[in-house]
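*Asks:* After the sequence you'll find the predicted model.
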Amino acid sequence: MSTLEAPPDNCKRPADGAGDGDVKKAKLDEDAHSSHPKWTSLNSFKFVKVLREDPQAKSVCIHATSQLKRAADQSDGDAQSAEADAIILLEKTAFDTTDSGISTLLAPDTSLQQHFNNDIYGTYDSLLAPSLNNVKTVIIFPASAKHMEKYASHESHVIYESPEDYQSITLPYIQSSSFEMQWIYNILEKKKESEFIVYEDPDPEKGFVLVPDLKWDRKSLDTLYLSAIVHKHGIKSLRDLTPEHLPLLKNILNTGLEAIEKEYGVPKSKLRAYFHYQPSYYHLHVHFNQVKFTAPGSNVVGAHNLSDVIDNIKLYPDYYQKRTIPFLCKTNAKLYKCYEAAGKI
Ligand code: G7M
């Protein structure tokens, strides 16, 4: 491979001491996330624009703004308030197809409005009881420019990342970016979501925490989605995996599948476990979901089956350091711009 051009400034490694080596654990503040209030309605948000919509998934992602209250300023003692960006993800949830779920649907509470009928056919709007009309809602607030980048609808391209590209473009980009990983440290340190932990192995080397993923409504087993977040810090992604991580990977695969089967009754044969490449957060985690559910990022380019990863490393210890790994990248992403500036696109 020929010598690579120097990456553009915003893709460079930070100066020594400002982020050398692995992505560092952010300092935990007891009041982290106090900026995210417990909203009871959406009417305090001002609509800005639709970032993307998916009629098939029945979801919409909205850019809005809301008032962000800051702690009292020491000089005047007054609480400050400023408009900040919010991302609101709304997704109609799947039907509850258990006997009781369907019985509730076929109840007097469901009223029908007919559009037309013809011979034996008729179409209607069903107006369901509010309890059956749940719309899964994720609010990210205050949302950063990186969140806007992630959720905006932009064309994607496949980038073929060679080991040299990783070293000269992707790694400096990772080291110079902040990935808002506080939510991960909050889970690992039981500051958030501890009540939802499905399984934990506290071992610092091969341990992990298994929690429902943000994307799951935590109700429908058809869309079951959990994440195993490793306790060990400093493993950024698939690229870092070597034989030293095999005990960790095998533990996640075997114990993770067992724990899900035990908790939800979904057999291992109906589950898949995989990594995203590139991930959104560079702290190693594994995605678990039902095989019949096409989760975002479970496609051929972005997903790497955990059992394949284990086998590849067993066969070729430096497989993930040596191979070219393709990934999907949106044109508005900073990483895309780094590859563009390096003349790789
Ligand atoms: O591999 P990648 O980095 O793309 O995936 C990150 C995963 O973390 C996604 O599936 C997100 O839905 C999930 N996730 C992101 N956040 C901010 C949270 C969170 O706060 N809690 C939980 N449980 N999952 C999250």
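*Replies:* Structure's in. What do you need?
*Asks:* got a list of what the residue in the stretch 1-150 of the chain positioned nearest to the ligand touches?
*Replies:* In the stretch 1-150 of the chain, the residue that lies nearest the ligand is Ile140 (7.6 Å; Cβ to the nearest ligand atom). Just so you know, the C-beta spots here come from the backbone N, C-alpha and C atoms, and that holds for glycine as well. By Cβ atoms under 8 Å, 6 or more residues apart in numbering, Ile140 lies in contact with Ala86, Ile87, Ile88, Leu89, His147, Tyr151.
*Asks:* okay if I get those as TSV plus distance to Leu68?
*Replies:* TSV is the format used below for those (distance: Cβ to Cβ, whole Å):
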residue	distance to Leu68
Ala86	9
Ile87	14
Ile88	15
Leu89	19
His147	14
Tyr151	18
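*Asks:* What about those residues, which are in strands?
*Replies:* Within the contacts of Ile140, residues falling in strands by DSSP state E are Ala86, Ile87, Ile88, Leu89.
*Asks:* Neighbour-wise, give me the winner out of these.
*Replies:* Within the ones in strands among the contacts of Ile140, most neighbours by other Cβ atoms under 10 Å means Ala86, with 24 neighbours.
*Asks:* Quick check: pLDDT value at it.
*Replies:* As predicted, Ala86 sits at a pLDDT of 96.
*Asks:* returning to what we had before: redo the contacts of Ile140 as TSV? Include distance to the ligand.
*Replies:* Formatted as TSV, the contacts of Ile140 follow (distance: Cβ to the nearest ligand atom, whole Å):
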residue	distance to the ligand
Ala86	14
Ile87	11
Ile88	14
Leu89	10
His147	9
Tyr151	12
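*Asks:* ok, so of those, who is nearest Lys215?
*Replies:* Closest approach between the contacts of Ile140 and Lys215, by Cβ to Cβ: Leu89, at 8.9 Å.
*Asks:* pretty sure that closest one is touching Phe141, no?
*Replies:* No - in this structure Leu89 lies outside contact range of Phe141 using Cβ atoms under 8 Å: 11.7 Å.
*Asks:* Show me where the chain dips below the pLDDT cut-off.
*Replies:* Residues of the chain that meet the criterion pLDDT under 70 lie in 1-35, 71-79.
*Asks:* Could you pull out the buried residues of stretch 150-159?
*Replies:* Within stretch 150-159, the residues that qualify as buried are Lys150, Tyr151, Ala152, Ile159, counting by 16 or more other Cβ atoms under 10 Å.
*Asks:* Please apply the same query to stretch 56-66.
*Replies:* Quick answer for stretch 56-66 (16+ other Cβ under 10 Å): Ser59, Val60, Cys61, Ile62, His63, Ala64, Thr65, Ser66.
*Asks:* circling back: now render the ones in strands among the contacts of Ile140 as JSON lines, adding distance to Asn118.
*Replies:* Shown next, in JSON lines, are the ones in strands among the contacts of Ile140 (distance: Cβ to Cβ, whole Å):
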{"residue": "Ala86", "distance to Asn118": "45"}
{"residue": "Ile87", "distance to Asn118": "43"}
{"residue": "Ile88", "distance to Asn118": "39"}
{"residue": "Leu89", "distance to Asn118": "38"}
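*Asks:* The one residue in the stretch 51-200 of the chain that gets nearest to the ligand: what secondary structure?
*Replies:* When distances are taken as Cβ to the nearest ligand atom, the stretch 51-200 of the chain reaches nearest to the ligand at Trp183, 3.6 Å away. Of the three states, Trp183 takes helix under DSSP: H, G, I helix; E, B strand; the rest coil.
*Asks:* With adjacent residues omitted, what lies nearest to it?
*Replies:* Excluding the flanking residues, the one nearest Trp183 by Cβ to Cβ, 6 or more residues apart in numbering is Lys192, at 6.9 Å.
*Asks:* sec struct for that neighbour, please.
*Replies:* Lys192 is classified as coil under three-state DSSP.
*Asks:* can you map out the helices along this structure?
*Replies:* 99-105, 145-151, 163-165, 171-176, 182-188, 246-264, 306-315, 319-322, 334-341 (DSSP state H).
*Asks:* what helices or strands is the second one leaning on?
*Replies:* Packing contacts for helix 145-151, counted by 3 or more Cβ pairs under 8 Å, 6 or more residues apart in numbering; DSSP states H and E, involve strand 46-54, strand 59-70, strand 80-92.
*Asks:* what about the second one, near the ligand?
*Replies:* This means strand 59-70. No - looking at strand 59-70 against the ligand by Cβ under 6 Å from any ligand atom, there are no contacts, and the closest approach is 12.9 Å.
*Asks:* which bits of the protein sit near the ligand?
*Replies:* Proximity of the chain to the ligand is confined to 183, 193, 211, 213-215, 227, 276, 279-281, 287, 297 under the rule Cβ under 6 Å from any ligand atom.
*Asks:* Give me the neighbour count for Ala228.
*Replies:* 28.
*Asks:* My guess is it contacts Leu284. True?
*Replies:* No - using Cβ under 8 Å, Ala228 makes no contact with Leu284, being 9.1 Å away.
*Asks:* Not including adjacent chain positions, what is the nearest residue to Gln80?
*Replies:* Closest residue to Gln80 apart from its sequence neighbours, by Cβ to Cβ, 6+ apart: Arg70 at 4.2 Å.
*Asks:* ok, Gly122 - contacts?
*Replies:* Here Gly122 is in contact with Gln114, His115, Phe116 (Cβ under 8 Å, 6+ apart).
*Asks:* For the first one, which non-adjacent residue is spatially closest?
*Replies:* It refers to Gln114. Tyr124 is the one closest to Gln114 (Cβ to Cβ, 6+ apart), at 5.2 Å.
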